[in-house]
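Visitor: Whatever this is, show me its structure:
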Amino acid sequence: MLGLAVLAMAATALGQATAPAGNAQNGRKVFASNGCYECHGYEAQGATPTGPRLGPRPLAFAAFSKYVRQPTGQMPPYTAKSLPDATLADIYAFLQSLPAPKAADSIPLLK
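Guide: Here you go, the predicted structure:
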């Protein structure tokens with residue numbers, strides 16, 4: 001089981017390393033203006049009834065791009081015409097820029 005987790009992390013890291021450069025600030029703006037936040041939340045934290053968590057460690061760019069272009073769930077498809085590749089790269093840069101959440105044991109109220 002541990003081997004699968006390591007493999008998944010390596011694949012994610014490789015996918016992120018090969019992602020096109022993007023502008024995280026513009027990605028944040030597009031994430032909000034295109035309505036991504038409506039299902040995934042303003043910080044891409046997701047919610048069970050609406051949409052999955054997208055950050056802070058997004059899946060590999062190739063898988064992310066494929067799903068945005070050809071989703072299998074209730075998400076509408078975003079073609080390259082409606083969401084150009086450069087803009088998609090900006091959204092991905094925004095997702096990569098999100099900080100990891102604090103560990104539960106570091107929050108006094110949760111101790």
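
Visitor: Spatially central residue in this structure, please.
Guide: Closest to where the C-alpha atoms of the chain average out (CA atoms, centre = their mean) is L54, at 3.3 Å.

Visitor: Can you read off the pLDDT for that residue?
Guide: Listed pLDDT for L54 reads 95.

Visitor: How about the one 5 residues further on?
Guide: As predicted, L59 sits at a pLDDT of 92.

Visitor: Now for the residue nearest to the centre of the chain: which residues touch it?
Guide: H40, A44, G46, L95 (CB atoms under 8 Å, 6 or more residues apart in numbering). Every C-beta, even on glycine, is put in place using the N, C-alpha and C of the backbone.

Visitor: One more: T18?
Guide: A60, F61, A62.

Visitor: Which of the contacts of L54 has the largest number of neighbours?
Guide: Counting neighbours by other CB atoms under 10 Å, L95 leads these with 28 neighbours.

Visitor: before we move on, the earlier item: closest one to G27 out of the contacts of L54, please.
Guide: The nearest member of these to G27, counting by CB to CB, is L95 at 7.4 Å.
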